[in-house]
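I'll drop the sequence and a predicted model, then ask my questions.
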Amino acid sequence: MKAAVLYDYNHPLKVESLSLNAPGPGEVLVKIHSTGVCHSDWHVIKGDWPHVPLPTVLGHETSGVIEDIGSGVKTVQVGDHVILTWKPGCGRCEMCQLGHISVCDEVPSVKSLPVSSESGSVVNQLVGLGGFATHTVVPEWAAVSVDRDVPFPQKALVGCAVTTGVGSVINTAKVQQGSTVSVFGCGGVGLSCIQGAKIAGADKIIAVDIKENKLDMAIEFGATHTVNSQNVDPVEKIRELSDGLGTHYSFEAIGVVEKTLVQSVECTRKKGVTVWVGAPPVGLDVTLDSRSLVFEKSILGSYIGSARPHIDFPKMLKLYKNGMLKLDEMLSQSHPIEDINLAFDAMKRGEVARSVITFE
Ligand SMILES: [Zn+2]
Ligand SMILES: [Zn+2]
């Protein structure tokens, strides 16, 4: 198989050939079709998450087809179209038993990892998936069988960004109809928060970003108002746009600096709910005024949109097919794996809602 491997932090990914074993008991071989380029992969490249072992095949927003199954596999068959999930839920831990699959203790892992044909080193798969590759072997429970009549790149987006954003609104915050919502950051996840707010029936959806092209996209995805935080204080502007009170809900879909995390709390009204959706680097401290929450406000974390993938992935595809969830519009560029480093450059420049790597 061919894969893009990260050997050192802050270095380009190396596209090379790896050898892969046949799937073992309970494992499946997936021929990958599309994998989205996510900020989380970029965090790993930058060394923000030093707990990720190297070398590793990045990529975790992936769709493909089951090409082979190991012994004992029951829930998927050869030929199934699947979306891979890095939080399938083990079914046994306390969180799974309570229905909180997204915070299960386990990540998918396989018995034997791919090996580089060139260097001979064993190569890890990010969050057990390793989606920037022509193939991967994953446990059966990480492959969610889905409809064939949605294109693969659209399906891939459901594996991370879309479910993270829409899920944070619908599953984590449970946004109420007619409420006001602010969203900080209009990348793939933020745009999905905006879409989630629209699906939930929010009355006002205020999008905040520093790039005008992103704010234009926000309108296309359902924002009713936009705020360029480079020109104005977003907290003041959000209050002004929400009867001087602040919004009922606020979503922070950046997770890079302290400032926007604090603003996402300051801009809500009494009883307001702030959800931190972005995945921050290790060690990013946030200082809040101790009275920030005094009027019964709350801050919630949301991890992959509090999703239960075997329920939520098919649900997202239904919303897409019913015309309620825009996925085509989210796909800005597609690249062959050889151009993967260019895809990360475009993401860094803030040019795209989402790029995908596609394999024929
Ligand atoms: Zn992601
Ligand atoms: Zn579990």
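Happy to help now that I have it. What you are looking at is a predicted structure, and each value in this text was computed from that prediction instead of being measured. Ligands and ions are numbered 1, 2, ... in the order given.

burial measure for residue 257, as a count.
13 (other CB atoms under 10 Å). Any C-beta I mention is one placed from the backbone N, CA and C, and that applies to glycine too.

show me the residues around the residue lying closest to residue 139 once chain neighbours are set aside that make contact.
Nearest residue to residue 139, sequence neighbours excluded (CB to CB, 6 or more residues apart in numbering): residue 108, at 4.9 Å. Counting by CB atoms under 8 Å, 6 or more residues apart in numbering, residue 108 touches 85, 86, 88, 127, 128, 129, 138, 139, 141, 142.

so the last one makes contact with residue 84?
Yes - using CB atoms under 8 Å, residue 142 is in contact with residue 84, at 5.6 Å.

who has more neighbours, those two?
Between residue 142 and residue 84, counting by other CB under 10 Å, residue 84 is the more crowded of the two (32 against 27).

where does residue 213 fall, phi/psi-wise?
Main-chain torsions, residue 213, degrees, to the nearest 10: phi -60, psi -40.

number of nearby residues for it?
Around residue 213 there are 13 residues (other CB under 10 Å).

which neighbours do residue 142 and residue 84 share?
By CB under 8 Å, 6+ apart, the residues touching both residue 142 and residue 84 are residue 129.

Leaving out chain neighbours, which residue sits closest to the residue of the stretch 51-200 of the chain at minimum distance from ligand 1?
Relative to ligand 1, the nearest point of the stretch 51-200 of the chain is residue 160 (3.4 Å; CB to the ion). Excluding the flanking residues, the one nearest residue 160 by CB to CB, 6+ apart is residue 61, at 3.8 Å.

The one you found and residue 270, how far apart?
As judged by CB to CB, to the nearest Å, residue 61 and residue 270 stand 37 Å apart.

What of residue 323?
36 Å.

Who has more neighbours out of the two?
Under the neighbour definition other CB under 10 Å, residue 323 and residue 270 were set side by side, and residue 270 has more, 11 against 7.

what sits against the residue of the stretch 51-200 of the chain closest to ligand 1?
36, 38, 40, 60, 61, 86, 304.

and the contacts of residue 108 as JSON lines, adding distance to residue 235?
As requested, the contacts of residue 108 are exported to JSON lines (distance: CB to CB, whole Å):
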{"residue": "85", "distance to residue 235": "36"}
{"residue": "86", "distance to residue 235": "34"}
{"residue": "88", "distance to residue 235": "38"}
{"residue": "127", "distance to residue 235": "34"}
{"residue": "128", "distance to residue 235": "39"}
{"residue": "129", "distance to residue 235": "38"}
{"residue": "138", "distance to residue 235": "43"}
{"residue": "139", "distance to residue 235": "45"}
{"residue": "141", "distance to residue 235": "43"}
{"residue": "142", "distance to residue 235": "40"}
